[in-house]
Structure formats: structure tokens, C-alpha cells
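# Sequence first, then the predicted structure, then my questions.
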Amino acid sequence: MTPEQFIDAALWFPETDESEPFGPGPLVYKISRQKMFALLRPSDPAVVNLKCDPELALELRAEFPAVTPGRHMSKRHWNSVRLDGTVPHDELLEMLEHSYRLVARGLHRSDRDRVLAVLGGESPTIGARN
């Protein structure tokens, strides 16, 4: 997945805002301008930080060398993923949705219900692990 494809995918989610609060370069994706669910660092290769269930985070790190503990984030709850082409596109999209849903659960009830209603259903499994 290219950084441009990641940006398109992240902005697809309901009420997602993109900003550069850390200055030019890193792009932060928040739900309803409240909580971050992704951070894209345009390096070579680009790296994205995504929130993840702690047990699943360990499984993903074991399966994909490109998935490591979140850089500059809680190592337990965030993964950094190199966009070097080694993580399948569909898998990365599932990680992105998993991150969005985890963060959405922490919103105020009215906001949470509104954004998750647009997605409908439960979070997809990541490689049938959940």
C-alpha cells in the first residue's frame, strides 16, 4: 500500500479529520477531531502507527516483520507498520478499521453511536484471528 492509498483509506472512515499537529510531515487522523486512530510518517518507506488490541498486536508483530511496537506511542496498544509492500493490502485495511473502531469506542456515547452506525456490524477479523 502506498502512502497515498493509505490516506484515501483513512479518510474514507466517518468524520475523519487529517491534520499536521506536529508540523509539516506526519499526518494525524482523528475521529470527530477528538481522538487519533492513525499517524502516517512519510519516510522511505512510509510508516503508519495504528491502535491495536494488545494480544492481537503481538500476533501481528510475530506474523509480519514490518509490524513493530508503536514508535513514540504506547508499545502495548499501538503498532507501527512499514508501508514497504510486505503486509498485504487487505490486511492493512483491516488493521486500519480495527484501529478506527477501537478508538471510536472511547468517544462519548452519542459520537460513538453516530460514527459506528455508519460502518454497521462488528469489526472484521484480521486474518480470522478475533
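Structure received.
# which residues in the chain form helices?
Under the criterion DSSP state H, the chain carries helices at the ranges 3-12, 54-63, 89-104, 109-119.
# Which of the ones you listed comes out lowest on mean pLDDT?
The weakest mean pLDDT among the helices of the chain belongs to helix 109-119, with a mean of 84.
# With only the CA atoms kept, save that helix in PDB.
Coordinates of each C-alpha in helix 109-119 appear next as PDB, following Å, rounded to 0.1, in the frame of the first residue of the first chain:
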ATOM      1  CA  ARG A 109     -21.700   7.800  23.600                       C
ATOM      2  CA  SER A 110     -23.600  10.000  21.100                       C
ATOM      3  CA  ASP A 111     -20.400  10.400  19.000                       C
ATOM      4  CA  ARG A 112     -19.500   6.700  19.200                       C
ATOM      5  CA  ASP A 113     -23.000   5.600  18.200                       C
ATOM      6  CA  ARG A 114     -23.100   8.000  15.300                       C
ATOM      7  CA  VAL A 115     -19.800   7.100  13.700                       C
ATOM      8  CA  LEU A 116     -20.100   3.400  14.300                       C
ATOM      9  CA  ALA A 117     -23.700   3.300  12.900                       C
ATOM     10  CA  VAL A 118     -22.300   4.400   9.500                       C
ATOM     11  CA  LEU A 119     -19.900   1.400   9.500                       C
END
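# quick one, that helix and helix 89-104 angle?
160 degrees (axes from the mean of the first three to the mean of the last three C-alpha atoms, to 10 degrees).
# partners of the spatially closest residue to Leu60 that is not a sequence neighbour in the sheet?
Residue nearest to Leu60 in three dimensions, not counting chain neighbours: Val67, with 4.6 Å by C-beta to C-beta, 6 or more residues apart in numbering. (Each C-beta comes from the backbone N, C-alpha and C, glycine too.) Note on Val67: beta-bridge partners by DSSP bridges are Val81.
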